[in-house]
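# Have a look at this prediction, sequence included:
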Amino acid sequence: MPVIEVDKLFKEYKTKNGEKKVALNGVSFDVHEGEVFGLLGPNGAGKTTTIKILSTLLLPTRGSASVLGIDVIRNGEQVRSQINFVYGGEKGVYGRLTAFEYLSYFCVLYRIPRKQQKLLIDELITMVGLEHAEGQQIYTYSKGMIQRLHIARSLINDPKVIFLDEPTIGLDPVGSKMLRELIKSLSKKGITFILTTHYMSEADELCDRIVFLKNGSMSSIGTPKQIKEECNDLNVFEATIQLFDQSGLENEELISVNDLQHITESYKTIKLEFKKNLDISELENVLKKYCQVIKIQRKEISLEDAYIYLMKDVE
């Protein structure tokens, strides 16, 4: 049985002027034990609304959802005892406490018997790699250390499902990598994660499956590989160039003749995405009219390429 089941979820709000706004429009998906499941989409796509419904903070207009077979509408208290949250940033920490004191505080809130608290805290601090700093006040921690402390806090009640809302936002590459490795390790132990992130490379690395939400509806669902394969009519090239006429790169010849979908520019390189299949020599001939072409190579479609392609024309 899936750990999470979502069936035809709808959510409508009334705006201040009395008009109806559809936040979710018939969303359905299942999540299995130990999966890292990504909810991806632009702001306003319905990610937060979905998480609020699954975590019993919001009632749907219609449809159904369950966590561990427990109905989120009828049995919210039971659901809440089986889940936890980790948010991005430094919210929810008390900087003058040590990590041990901070986790002790939450042990009391979760009614962990006093005799079990020290052993549990020691295990959690070791699990997230903070044993060297458990006696330090939290305000001295890096952002990455704080996020690992958040993970430890989220494990106190032995949850089966953890919601991760942009957990690596603001972290440096080292801190992000350590957090991703921790999430992978915990998922192998059977904990299920629901992840929201705007970092497509992170979703590609972490997520077993992904759903793309667009204007409250599901755009795509599948493994990262399956979603990228949905865009098999997209052709991505990377060119190393010396620009002569930067404005010319988005001219009518590139857009209309070759069905240009997207251009990404960086120092001395551009990435061009075409819906039409074309030869490198054909592209080089067009680009030479506007810049000196040093090198062109075809690139594999990334999850970010797929996201931009599938999310075009978002309202």
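The structure has been received and is ready for your questions.
# Under the pLDDT cut-off, which ranges of the chain? List them.
89-91, 243-278, 290, 313-315 (pLDDT under 70).
# so where do the strands sit in the stretch 101-250 of the chain?
With DSSP state E, counting those that start in this stretch as the definition, the stretch 101-250 of the chain shows strands at residue ranges 161-165, 192-196, 209-214, 217-222, 235-243.
# Quick one: list the elements packing against the last one.
Applying 3 or more CB pairs under 8 Å, 6 or more residues apart in numbering; DSSP states H and E, one finds that strand 235-243 contacts strand 269-274, helix 280-287, strand 291-299. For the C-beta atoms, the positions are set from N, CA and C on the backbone; glycine is no exception.
# now stretch 32-49, how far from the centre of its chain.
Averaged C-alpha coordinates place stretch 32-49 at 6 Å from its chain's average position (CA atoms, centre = their mean, to the nearest Å).
# brain fart, stretch 223-239
19 Å.
# start to end distance for it?
By CA to CA, to the nearest Å, the extent of stretch 223-239 from end to end equals 29 Å.
# So what's the residue count around Leu287?
Neighbouring residues of Leu287 were enumerated by other CB atoms under 10 Å; the total is 20.
# And for Arg74?
Other residues within reach of Arg74 by the criterion other CB under 10 Å amount to 10.
# Would you format the strands of the stretch 101-250 of the chain as a markdown table with distance to Ala23 and mean neighbour count included?
Compiled in a markdown table, the strands of the stretch 101-250 of the chain are given as follows (distance: least, CB to CB, whole Å; neighbours: other CB atoms under 10 Å):
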| stretch | distance to Ala23 | mean neighbour count |
| --- | --- | --- |
| strand 161-165 | 17 | 22 |
| strand 192-196 | 15 | 24 |
| strand 209-214 | 10 | 23 |
| strand 217-222 | 11 | 17 |
| strand 235-243 | 33 | 17 |
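# and Leu303, which of those strands is closest to it?
Put simply, out of those the one that sits nearest Leu303 is strand 209-214, at 7.9 Å, with distance taken as CB to CB.
# That closest one pairs with which strands, and in what direction?
Strand 209-214 pairs in its sheet with strand 36-40 (parallel), strand 217-222 (antiparallel), by DSSP bridges.
# So what touches it?
By CB atoms under 8 Å, 6 or more residues apart in numbering, the list of residues contacting strand 209-214 from outside reads 27, 29, 31, 35, 37-42, 45-47, 50, 203, 218-224, 227, 303, 307, 310-311, 314.
# could you check the angle strand 192-196 makes with that strand?
With axes from the mean of the first three to the mean of the last three CA atoms, to 10 degrees applied, the angle from strand 209-214 to strand 192-196 works out at 30 degrees.
# what's in contact with stretch 183-196?
Outside of stretch 183-196, the residues that reach it under the criterion CB under 8 Å, 6+ apart are 3-4, 31-40, 47-48, 51, 54, 151, 155, 159-167, 203, 206-207.
# Thanks a lot, catch you later.
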